[in-house]
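> What would the 3D arrangement of this be:
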Amino acid sequence: MGHIRFGSDQAVLAVVQGDRTDSVSRVILATPRTLFRTFMDAEMLASWRTPDEMTSRISHFEPSVGGGYSMLLRHGQDAPPTAGRTRTREDEIEVRFITLLPDELVVEEVHFLSLDPAFAEPMMLTTRLEPTRDGTKVTLTVSNVPSVMPADDHHDRLAAALRSLARLTE
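The predicted structure is shown next:
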C-alpha cells in the first residue's frame with residue numbers, strides 16, 4: 001500500500017489492490033452532535049457538500065438508513081469539460097445512507113449518473129466524527145474512487161468540503 005501526504009489537512013491517498021481510497025481529516029470547533037445534524041437537513045448538507053464554484057439542488061431527501069438524496073451540481077460557465085459528467089455542465093448523484101450512527105459515523109453509497117463506464121461502480125463515503133479536546137476530528141474517507149478522477153482535485157474538493165463544514169458549524 002502506498003501513501004502520499006498532502007499539506008496540513010492531514011490527507012492521505014492510499015492505493016489498495018487497485019482500489020483508490022482518498023481520506024482527509026480536520027478538527028472542527030463543534031460538537032459531534034452539531035456536525036451529525038448537518039446530515040439530517042438537506043439545506044445544511046448541500047451548503048457544505050457543494051464546491052464553492054458550483055451551485056446545487058437536492059431534489060429528494062430521506063435522512064434514514066436505506067434512504068438518501070439526489071443532488072444536482074451545476075458547474076460555472078467557465079468550467080472545462082471533464083470525464084464522467086451527467087451533462088455538459090452538470091453532475092448528478094444518487095446517494096444512499098448505509099449507516100447513520102448518531103454523533104459518530106455516516107456511511108454513504110454514492111452513484112454518479114454518467115454514461116462513462118469509469119463511474120459505473122459506486123463510491124463509498126465514510127464520515128467519522130471523533131470528539132477531541134478542541135472540538136471534533138472529522139474524517140472523510142472515499143473508497144472505490146474512479147481512476148479517471150484526478151487525485152489532487154479530489155483531495156482539494158474533500159478538504160474544501162471540510163472547510164465549508166467548519167464555516168457552517170463553528
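
> What are the boundaries of the helices in the protein?
Counting by DSSP state H, the chain has helices at residues 32-37, 42-49, 151-169.

> Include mean neighbour count and distance to L125 when you put those helices into a markdown table, please.
(Each C-beta comes from the backbone N, C-alpha and C, glycine too.) As requested, those are exported to a markdown table (neighbours: other CB atoms under 10 Å; distance: least, CB to CB, whole Å):
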| stretch | mean neighbour count | distance to L125 |
| --- | --- | --- |
| helix 32-37 | 18 | 15 |
| helix 42-49 | 17 | 10 |
| helix 151-169 | 17 | 9 |
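
> out of these, which comes closest to V65?
Between V65 and the helices of the chain, the shortest separation by CB to CB is 13.8 Å, and it involves helix 32-37.

> Show me what that closest one is packed up against.
strand 123-132, strand 135-145, helix 151-169 (3 or more CB pairs under 8 Å, 6 or more residues apart in numbering; DSSP states H and E).

> any idea which of the ones you listed scores lowest on pLDDT?
Per-segment mean pLDDT for the helices and strands packed on helix 32-37 reaches its minimum on helix 151-169, at a mean of 93.

> what angle sits between it and strand 135-145?
Counting by axes from the mean of the first three to the mean of the last three CA atoms, to 10 degrees, helix 151-169 lies at 150 degrees to strand 135-145.

> can you pull the pLDDT of G2?
For G2, pLDDT reads 39.

> again, but for A46
So A46 comes in at 92 (pLDDT).

> So it sits against S56, correct?
Yes - under the criterion of CB atoms under 8 Å, A46 makes contact with S56 at 5.0 Å.

> Next, show the common contact partners of those two.
M71 (CB atoms under 8 Å, 6 or more residues apart in numbering).
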